[in-house]
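In: Following is a predicted model, sequence given first.
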Amino acid sequence: MAITAAPPPAMNIKKIFFALLCFALPASAAAPAAAGGIDTTDRTELLGETSRPLTEAEARAFFPRQGYNDDKPLVIPAILIIMAGAKVWNVIVDNRPTADLASAYASAIPGFDFTWADLQDWRKVTKLYRYTIDTTLQGRAVDITYEVTFYHGAISTPGTDGLKGHYLANFTVKPVDIKLKWGWKVALEVSMSDPMNIGTAAEPIAWLNADLKWRYAKPLSTDPKIGLTSLTVDGQGKLAEAEYKGPHLRPGPEAEPAPELPAVNWY
């Protein structure tokens, strides 16, 4: 007597089909089908740092100004700091570097002309960072190495008795290497602050803040997420970084009031 097996319940068939689908497709394609999507953890780490003297060729390329006339001293406020370069630019769009990088920089320099002789003690600082996104199903889905560079040093103010200010030039952010798993999309936008003087009126110290806004979308997702890395740098070569996460990204105001700073002319 032949025995005919009863067909499995519909629920079992669905489970078997889903298991075969997950086995056949890459993890990145199957993951979005799970409830809640892919769990992710993103972080930024410093890989290395170098500091070297600015060369004459670099100075002439980035500071093509005519020197001020020593016979006619200029009377210029020491605190005058001018913002030069782009305020906002795109670094990575659709997973690749953009044309914005050809002219994407920011400078906080004095509001008077200066020459190569004024820049012989300047230095170029380079920091290498790594931005990663790890997932529970794919492992490391996003792995981006990017470089932050800037020049810093002192310039004597004409018309003063040996007073010097510390300034910044060519603060840039450029990707070095981009690695992504299937289906991921990443973009990076840089927003530069206006310059501030964190020194004194007699000897200003330029300060700039750059917000690196990361936007990333998971495979088959139309809901991009945002992460913020904030970089601050001053004319004495100090650079600090901080990451902000959550719905508001930035923390609220501190309980104690910030110290008063000298007045600054904004440009």
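Out: In hand now; what should we look at?
In: list the helices and strands the host helix or strand of F171 packs on?
Out: Using DSSP states H and E, the element containing F171 is strand 164-180. Applying 3 or more Cβ pairs under 8 Å, 6 or more residues apart in numbering; DSSP states H and E, one finds that strand 164-180 makes contact with strand 81-85, strand 88-93, strand 96-97, strand 106-110, strand 139-156, strand 185-192, strand 206-217, strand 225-234. In this view, the C-beta of every residue, glycine as well, is placed from N, C-alpha and C.
In: ok and the second one relative to strand 164-180, angle-wise?
Out: Going back to what we said before, that points to strand 88-93. Put simply, strand 88-93 runs at 30 degrees to strand 164-180, going by axes from the mean of the first three to the mean of the last three Cα atoms, to 10 degrees.
In: still on that earlier bit, and the angle from the strand holding F171 to strand 139-156?
Out: Going by the same axes, to 10 degrees, strand 164-180 makes 160 degrees with strand 139-156.
In: I'd like to know the average pLDDT value across strand 164-180.
Out: Strand 164-180 shows a mean pLDDT of 92.
In: Show me the beta-bridge partners of E243.
Out: Going by DSSP bridges, E243 is paired in beta bridges with T229.
In: which residue is nearest the centroid of the protein?
Out: By Cα atoms, centre = their mean, the chain has its centre lying nearest to L212, at 3.7 Å.
In: For T44, see how far away that residue is.
Out: Distance of L212 to T44, given as Cβ to Cβ, to the nearest Å: 8 Å.
In: what is in contact with these two at once?
Out: Taking Cβ atoms under 8 Å, 6 or more residues apart in numbering as the contact rule, L212 and T44 both touch T229.
In: Which helix or strand in this structure has the lowest average pLDDT?
Out: helix 27-30 (a mean of 36; mean pLDDT, DSSP states H and E).
In: next helix or strand past it?
Out: strand 40-53.
In: Quick check: buried residues in that next one?
Out: T40, D42, T44 (16 or more other Cβ atoms under 10 Å).
In: okay but the last one is in contact with I133, surely?
Out: Read it as T44. No - if you go by Cβ atoms under 8 Å, T44 and I133 don't touch, sitting 10.7 Å apart.
In: what are the phi and psi angles of P158?
Out: phi -60, psi 140 (degrees, to the nearest 10).
In: Next, work out how far apart it and D113 are.
Out: Relative to D113, and taking Cβ to Cβ, P158 is found at 9 Å.
In: follow-up on the earlier one: now tabulate the helices and strands packed on strand 164-180 in JSON lines and tack on distance to K127.
Out: Listed next are those as JSON lines, based on distance: least, Cβ to Cβ, whole Å:
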{"stretch": "strand 81-85", "distance to K127": "18"}
{"stretch": "strand 88-93", "distance to K127": "15"}
{"stretch": "strand 96-97", "distance to K127": "18"}
{"stretch": "strand 106-110", "distance to K127": "16"}
{"stretch": "strand 139-156", "distance to K127": "5"}
{"stretch": "strand 185-192", "distance to K127": "14"}
{"stretch": "strand 206-217", "distance to K127": "12"}
{"stretch": "strand 225-234", "distance to K127": "9"}
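In: Of these, flag the one that's most buried.
Out: Mean neighbour count (mean count of other Cβ atoms under 10 Å) peaks for strand 106-110 among these, with a mean of 25.
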